[in-house]
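Student: Return a 3D structure for these sequence lines:
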Amino acid sequence: MIDRVDPFIGTDVTRLPEPTGLAATWWWPKPQIGNTHPGATYPLGMVSACAYSGAYPTGYGRYDLSLEGVPSTIHDTNLASGFTHFQQSGTGAIRKYYNYFRVTPMVEPLDVLGRSWDITEEEATPGYYSATLDSGVTAEITVGPKSAVHRYTFPRHSNARIVIDFSLGGLAIPYGRTIPLRAHLETIEPGVASGVVVAEGAPIAVHIECDTPQWRQMLWYDRRLMPGGTRLDFDHIRPTTLRPFGLMWAGPSEPGQTIELRIGFSFRGVEQAERNLRHDCGPGPARFEARRDRTQKTWRKQLKTIVVDTPSHDRKTVFSTALYHSLIKPNFAADESPFWPADGPFAYDISTMWDIYRTQLPLLTALHPEKAVELANALLTICEEEGNFPIGYRLARGGDRFSRQGSALAHTFLADLCELGLPGIDWDWALVHMSDDLRRTYGEEFLLRGEAHPISHTLDIAFGYWCTAKVARHVGDKALAQQFEALAERWINAYDPASGLLKDSTYYEGSRYNYSFRLQHDMAGRIAVSGGAERFLAQLDEFFGYGAEPVTQPGNKPGPEELLAGYTLGRFEGLNNEPDMDAPWAYHYAGRPDRTAEIVHNVVHQQFGTGRGGLPGNDDSGGLSSWFVWASLGLFPVAGQNILLVNAPSFRESTMALEAGDFTVRTRGFVEPVPGGPVQYVQSVTLNGEPLERTWLHGHEFHGGGELVVTLGAEPSRWGTEASALPPSSRPAAHASTTVPALAEPAAVTQSIPLVELDSEPDDDEVPHAANPTIITDSGSPTRTLPTTGDEPSTTGDTP
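Tutor: The predicted structure follows:
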């Protein structure tokens, strides 16, 4: 699989064949570019490195900041002013753009530092990046978990140079620069230096070694050499006083001569940076080949975790690259937190939970459950140290955590891990923070009024309570579980009973249509809100463009009228963005898996492709790519509910290497698909040799390994259409019928909360569920609340 990965996919403006059929009716509101980079990466590692042009958002490429449509260029060709470290992967306006410690190989004077050279040749494979500049210098870069190794080949020159700029960070777009706050740099001995730069509140330390026995080593400031200087200190840097500064090696070069530069990184000081370099690379010199081989061996192992059978090289390339992009972020950096002193799990570039919680995190859990547990503990520590679960978490102190995107998304991830019974998490500790976090930000409005705006947060928080109730039951707190299950039923307050869609509100990167068909814990109740399955299906058909005319996608710099006209369509975004990425599977809950098959077929085979323009939108830390991985396998995880929905696979056979054993999806009657070609429908399914009439798998059935055999045909079948085949819904007892449940008035919701019918009957010693449970109030310590019939809140019980 590693031989089929193309890291350049997604680095340029979307260039896919003209869509046909359903795919031609979907509207793309967000930028039409993947925003990936081809640089050297390590699976879920701390460091990446790539050519730097200052372009948005990774520092690589030609494009300016764009929030919708086709992005504008800032360069006519691919350029590089050097090679930087730490990049985003597929994100949009993430506002922390890194690109620290630019290394520039030069055959010009230091005065011209900052100029760019054309890239005349490029090569990229997982863990390796190479570029030849029109100056005649060739750069090669590989990375380890916490290190980078550069190798430069120079032409003949009397005064070649390798210059490291400690002052640079961010992008070369308006307001894109990152200004260091403090810095320290010193030479230790010939070929060895170290330093620390504090950027965005994070201290990034480096230990640097350069194999240049014949070259001079010097510090420089403001593009002027400091002969004899061994140390630079900046106690307080301001944007108005910043001048470039750094380190340089210079000397004569011969054709074919290579210079190796090794950098160890740490957020805990230069001593740890040196230890990290030794751990990753061993003692120098000449460690490039060994480090590249180790990194590529690791990538090869990761990319073997899923094997697909197809005769198409292009399809294998798209799938392999999607899996590769799914395993770059988040960045794991154990024992490296720069923000608190304790050792233990630390992760950043969770960018953002809104993008990855439905697809990338379930994929991580499936392939690397130990890393999922590590990430969960990192999130719990962040919550404990900083006061809340982040929606987005970057290598930066404080600042925007993207709370407007969503609420309680970490709860979804944690609930899945809890249901799977993965070891290594203190669930009593987790319950404290999950419970507390539900009352923060939009949570107070939810408790006081029964709904929160933007109205999508009502769905998030209600589902967060449902997920947290699962954890409460796991630790034996039935009273808290009952209370939270009741609060989870407030999802219904988000909907307008007249339209069966979400209420008028503001919506993040979408409209009410994009959010109205998300997968909830009570899909039977959701369908009832629309007036029953028939109307719900009609709404879905309209949303996905059945019978609609083709649309025109936004162009460069679309105006307000063009965007408004597009949003007014109320149409599926076609994996150009994430808000409705789970909506195709809503058909499963209404007994129409054939519709899911049609939509997913059109996405998989028309919205993803080969070449630099092969992604339909921002990949968002693997959010889109991991969707493609799941959809191609004929599976889709329902995040937080520990089930997977079954659909027609796009490969004849596939195998996932899971911890408990391989899970294989085989097909019968399979026809190799082509873009715009006929859809294949599920006719029947067996699981481990037994017929499977239902359209879903329990998480344990999947994670335990096994064999799923899917028989396909050219026409829809009766499979998955009966009520007994539908995926489970968590229905309250009061709404067990199919009638439309009455919506609670916002002013009265604290006095009328529907009861919850649990999977099993309450134990005899369980506290009875009251109609008026007490709303949890913020206090100095977490408390568990029991029902009360009084007007004032009361609490009882022990702390979790």
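Student: quick check, distance from stretch 310-328 to the centre of its chain.
Tutor: Taking the mean C-alpha point of stretch 310-328 and that of its whole chain, the gap between them comes to 17 Å (CA atoms, centre = their mean, to the nearest Å).
Student: So for it, mean pLDDT?
Tutor: For stretch 310-328, the mean per-residue pLDDT is 98.
Student: Return the set of buried residues in that stretch.
Tutor: 310, 315-328 (16 or more other CB atoms under 10 Å). No exception for glycine: its C-beta is placed from N, CA and C like everyone else's.
Student: again with stretch 417-429
Tutor: 417-420, 422, 425, 427, 429.
Student: Just the CA atoms of that stretch, as PDB, please.
Tutor: These are the backbone C-alpha positions of stretch 417-429, laid out as PDB (Å, rounded to 0.1, in the frame of the first residue of the first chain):
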ATOM      1  CA  LEU A 417     -14.200   3.700  24.200                       C
ATOM      2  CA  CYS A 418     -16.300   3.000  27.300                       C
ATOM      3  CA  GLU A 419     -18.800   0.800  25.500                       C
ATOM      4  CA  LEU A 420     -15.900  -1.100  23.900                       C
ATOM      5  CA  GLY A 421     -14.400  -1.700  27.400                       C
ATOM      6  CA  LEU A 422     -10.900  -0.600  26.400                       C
ATOM      7  CA  PRO A 423      -8.500  -0.700  29.300                       C
ATOM      8  CA  GLY A 424      -6.400   2.300  30.500                       C
ATOM      9  CA  ILE A 425      -9.000   4.900  31.300                       C
ATOM     10  CA  ASP A 426     -10.200   5.900  34.800                       C
ATOM     11  CA  TRP A 427     -14.000   6.200  34.100                       C
ATOM     12  CA  ASP A 428     -14.800   7.700  37.500                       C
ATOM     13  CA  TRP A 429     -12.300  10.500  36.600                       C
END
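Student: Wait, T25 touches E542, no?
Tutor: No. The pair T25 and E542 fails to qualify as a contact (CB atoms under 8 Å) at a distance of 10.3 Å.
Student: Closest to L438 out of the buried residues of stretch 310-328?
Tutor: Using CB to CB, S326 comes nearest to L438 of the buried residues of stretch 310-328, at 28.9 Å.
Student: hmm, back to that, with neighbour numbers in mind, choose between T25 and E542.
Tutor: The neighbour count for T25 versus E542, taken as other CB atoms under 10 Å, is higher for T25 (20 against 15).
Student: With adjacent residues omitted, what lies nearest to the more buried one?
Tutor: By the measure of CB to CB, 6 or more residues apart in numbering, the closest residue to T25 outside its immediate chain neighbours is G545, 2.9 Å from it.
Student: just the helices in the stretch 501-650 of the chain please.
Tutor: Secondary structure of the stretch 501-650 of the chain (DSSP state H, counting those that start in this stretch): helices at 512-515, 523-529, 533-543, 560-568, 593-606, 623-633.
Student: Tabulate the CA atom coordinates of the first one in PDB.
Tutor: Below are the C-alpha coordinates for helix 512-515, written out as PDB (Å, rounded to 0.1, in the frame of the first residue of the first chain):
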ATOM      1  CA  ARG A 512     -30.500  23.900   8.800                       C
ATOM      2  CA  TYR A 513     -30.800  21.300   6.000                       C
ATOM      3  CA  ASN A 514     -27.200  20.200   6.400                       C
ATOM      4  CA  TYR A 515     -27.700  19.600  10.100                       C
END
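Student: of the helices of the stretch 501-650 of the chain, which approaches A648 most closely?
Tutor: Taking the helices of the stretch 501-650 of the chain one by one with CB to CB, helix 593-606 is closest: 4.6 Å.
Student: Could you list the alpha-carbon positions for the closest one in PDB?
Tutor: As requested, C-alpha coordinates have been extracted for helix 593-606 and formatted as PDB (Å, rounded to 0.1, in the frame of the first residue of the first chain):
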ATOM      1  CA  PRO A 593     -30.400   1.300   2.500                       C
ATOM      2  CA  ASP A 594     -30.600   1.300  -1.300                       C
ATOM      3  CA  ARG A 595     -30.700   5.100  -1.200                       C
ATOM      4  CA  THR A 596     -27.500   5.100   1.000                       C
ATOM      5  CA  ALA A 597     -25.900   2.900  -1.600                       C
ATOM      6  CA  GLU A 598     -26.700   5.300  -4.400                       C
ATOM      7  CA  ILE A 599     -25.400   8.400  -2.600                       C
ATOM      8  CA  VAL A 600     -22.200   6.800  -1.200                       C
ATOM      9  CA  HIS A 601     -21.500   5.300  -4.700                       C
ATOM     10  CA  ASN A 602     -21.600   8.800  -6.200                       C
ATOM     11  CA  VAL A 603     -19.400  10.300  -3.500                       C
ATOM     12  CA  VAL A 604     -16.800   7.600  -3.500                       C
ATOM     13  CA  HIS A 605     -16.400   7.400  -7.300                       C
ATOM     14  CA  GLN A 606     -17.000  11.100  -8.300                       C
END
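Student: Run the chain-centre distance for that helix.
Tutor: Chain-centre distance of helix 593-606: 23 Å, with CA atoms, centre = their mean.
Student: Tell me the strands beside the helix or strand containing F83, with direction?
Tutor: With the criterion set as DSSP states H and E, the secondary-structure element containing F83 is strand 82-85. Strand 82-85 sits in its sheet next to strand 48-52 (antiparallel), strand 100-106 (antiparallel), going by DSSP bridges.
Student: what's near enough to touch I208?
Tutor: Contact criterion CB atoms under 8 Å, 6 or more residues apart in numbering gives 164, 192-195, 247, 261-264 as the residues in contact with I208.
Student: distance of it from Y152?
Tutor: From I208 across to Y152, the span is 14 Å (CB to CB, to the nearest Å).
Student: And for G676?
Tutor: Summarising the geometry, the distance separating G676 from Y152, computed by CB to CB, is 46 Å.
Student: Pick out whichever of those two has more residues nearby.
Tutor: Set G676 next to Y152 and count neighbours by other CB under 10 Å: Y152 wins out with 23 against 16.
Student: Cheers, nothing more for now.
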